[in-house]
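Participant: Quick one: sequence plus predicted model below, questions after.
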Amino acid sequence: MFKSEFHHFIKQFDAAAKAGNIASWTYGGRLLLPGEDASITVTSSRIIVAIDNGPAPKPHPINAFVADHEARIREVTANDLGSHREITIAGRWHDNGNETQSFEPYLTRKITNEGAAETARYNYEFFGVGGYRFGIDFHPGVGGKLAFETMTAATAHHTDYSHLRPGLAEAVGLPTGVVWYPVVACKLPFLVVEHANRIIQRRSA
């Protein structure tokens, strides 16, 4: 869920634009921390924890983290579970820099009892609702390809560490990309762009 393919984004963006029921064309961006992709899926009967799109291994510390906070997680999702059969909170399991790790949420995916799915910015008041760091205002009529190229360029601007010495960005845990989402919830899709990882991979090749 956390990864977003560009062609899928373009298709969804164009479909939403064509429908014409968009209240705002503004996208917000949150810097994406380095770490493992992680998700917490809540249903009425269980909580499922995943790392990098697979079940979290039993020794992984995220399991203890979720167990310690299960009551609070269930409390903040209780109202939505009345009308939804599944709620997934997607984010990153990352190092805090002081020999501890934690979960940073970015998106939620809610599936209604009828099976309809919606992905939006994380807004439960539990892990902390991070505001957007910067924004882009698109005008009606912009196509998905241009929107994708604009957000990709903006991500590169904010997370290009090619001027830093090799290993510094990784050592201090600088953000690897940006999670882009419509500021006003609507049919416009989210987009995850990771720029720094490509630089790091080229340097280590």
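Facilitator: Nice, thanks for sending it over.
Participant: going forward, measure contacts and count neighbours with C-alpha atoms only.
Facilitator: Will do.
Participant: Now residue 81. Its backbone dihedrals?
Facilitator: phi -70, psi -10 (degrees, to the nearest 10).
Participant: Quick one: residues contacting it.
Facilitator: Contact analysis of residue 81 by CA atoms under 8 Å, 6 or more residues apart in numbering lists 43, 44, 87.
Participant: Angles on the backbone of the residue lying farthest from the centre of the chain, please.
Facilitator: Distance from the C-alpha centroid of the chain, by CA atoms, centre = their mean, peaks at residue 165 (28.0 Å). Here is the backbone geometry of residue 165 (degrees, to the nearest 10): phi -70, psi 150.
Participant: mind checking how far it is from residue 31?
Facilitator: 21 Å (CA to CA, to the nearest Å).
Participant: And for residue 150?
Facilitator: Residue 150 is 16 Å from residue 31, by CA to CA.
Participant: now swap in residue 105 and tell me
Facilitator: In this view, residue 105 and residue 31 are 11 Å apart by CA to CA.
Participant: in the chain, which spans are helices?
Facilitator: Assigned by DSSP state H, the chain shows helices spanning 6-19, 61-81, 144-159, 168-172, 196-204.
Participant: where in this structure is pLDDT low?
Facilitator: By pLDDT under 70, the low-scoring segments of the chain are 1-4, 128-132, 196-205.
Participant: Identify the residues contacting residue 137.
Facilitator: With contact taken as CA under 8 Å, 6+ apart, residue 137 is in contact with 25, 26, 27.
Participant: Now do the same contact list for the last one.
Facilitator: So the one you mean is residue 27. Here residue 27 is in contact with 135, 136, 137, 138, 180, 181, 182, 183 (CA under 8 Å, 6+ apart).
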